[in-house]
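Student: Need a 3D model of the sequence below.
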Amino acid sequence: MNERFTQLENSVNSRLLSIEDKMAALQSNNCAGDTNSKKRRRVHNPKLAEAVRRLHNSETNCRRYEPEQGLISPHNEAVTSYLLGSISASPDLHNVDKDDIVSACKTYYETVRRSFRYTQPENSLRAEAAKNSARSRARRKRVRLYLVTIFQVH
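Tutor: I've put the predicted structure just below:
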């Protein structure tokens, strides 16, 4: 009985050490070079977003995101790398950081994915709610801008 307990204790200790090693490796990967624990926000660059959208939707482009697949699927990764290469080569956007281009591609993929999800029959109510919410938000924005212009005049 005592021998079985010793074996069990050794097994638990080795598992605990293995878990601690894995945690230390994960922490070192997460903290390497990054002292700020906040998640990096995506940069909103309308010119870049438009370039990604136009290139992705151009008639000459045969590489399109597949919304049924995840962003990290081989096909969608290939689309992202194609968009990255094409936009990086653009003379208008040659000074844009590659991380910002990838971020814009991810944002556009999410737009394609959202449109796909809303076309599914099981999400018709959710799509209608999102459309109504967007209308209300746009209406509030127009009213707010109108009120701001009125108060600036007076």
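Student: Give me the outermost residue of the chain relative to its centroid.
Tutor: M1 (54.7 Å; CA atoms, centre = their mean).
Student: Let me know the secondary structure of Y65.
Tutor: The three-state assignment at Y65 reads coil, by DSSP: H, G, I helix; E, B strand; the rest coil.
Student: For it, grab phi and psi.
Tutor: phi -60, psi 140 (degrees, to the nearest 10).
Student: count of residues packed around it?
Tutor: Residues lying near Y65 (other CB atoms under 10 Å) number 22. The way it works is simple: take the backbone N, C-alpha and C, and place the C-beta from them, glycine included.
Student: Now do it against T6, distance only.
Tutor: The span separating Y65 from T6 equals 57 Å under the rule CB to CB, to the nearest Å.
Student: can you check V12 too?
Tutor: Taking CB to CB, one finds V12 at 11 Å from T6.
Student: Stretch 58-72 spans what distance, first to last residue?
Tutor: 23 Å (CA to CA, to the nearest Å).
Student: any residues touching that stretch, and which ones?
Tutor: 55-56, 73, 75-80, 82-83, 106, 108-109, 112-113, 115-117 (CB atoms under 8 Å, 6 or more residues apart in numbering).
Student: avg pLDDT for the one helix or strand E50 maps to?
Tutor: Assigned by DSSP states H and E, E50 belongs to helix 46-57. The pLDDT scores in helix 46-57 average 93.
Student: Check which helices and strands that helix is in contact with.
Tutor: When contacts are defined as 3 or more CB pairs under 8 Å, 6 or more residues apart in numbering; DSSP states H and E, helix 46-57 sits against helix 74-88, helix 98-119.
Student: nearest spatial neighbour of the residue nearest in space to the middle of the chain, skipping sequence neighbours?
Tutor: Residue closest to the mean C-alpha point of the chain, counted by CA atoms, centre = their mean, is K106 at 4.7 Å. Sequence neighbours aside, L71 is the residue nearest to K106 in space, at 6.4 Å (criterion: CB to CB, 6 or more residues apart in numbering).
Student: Tell me the pLDDT of that neighbour.
Tutor: For L71, the model assigns a pLDDT of 91.
Student: which SSE is it in?
Tutor: Applying DSSP H and E, one finds L71 in no helix or strand.
Student: and it, what are its phi and psi?
Tutor: phi -60, psi -30.
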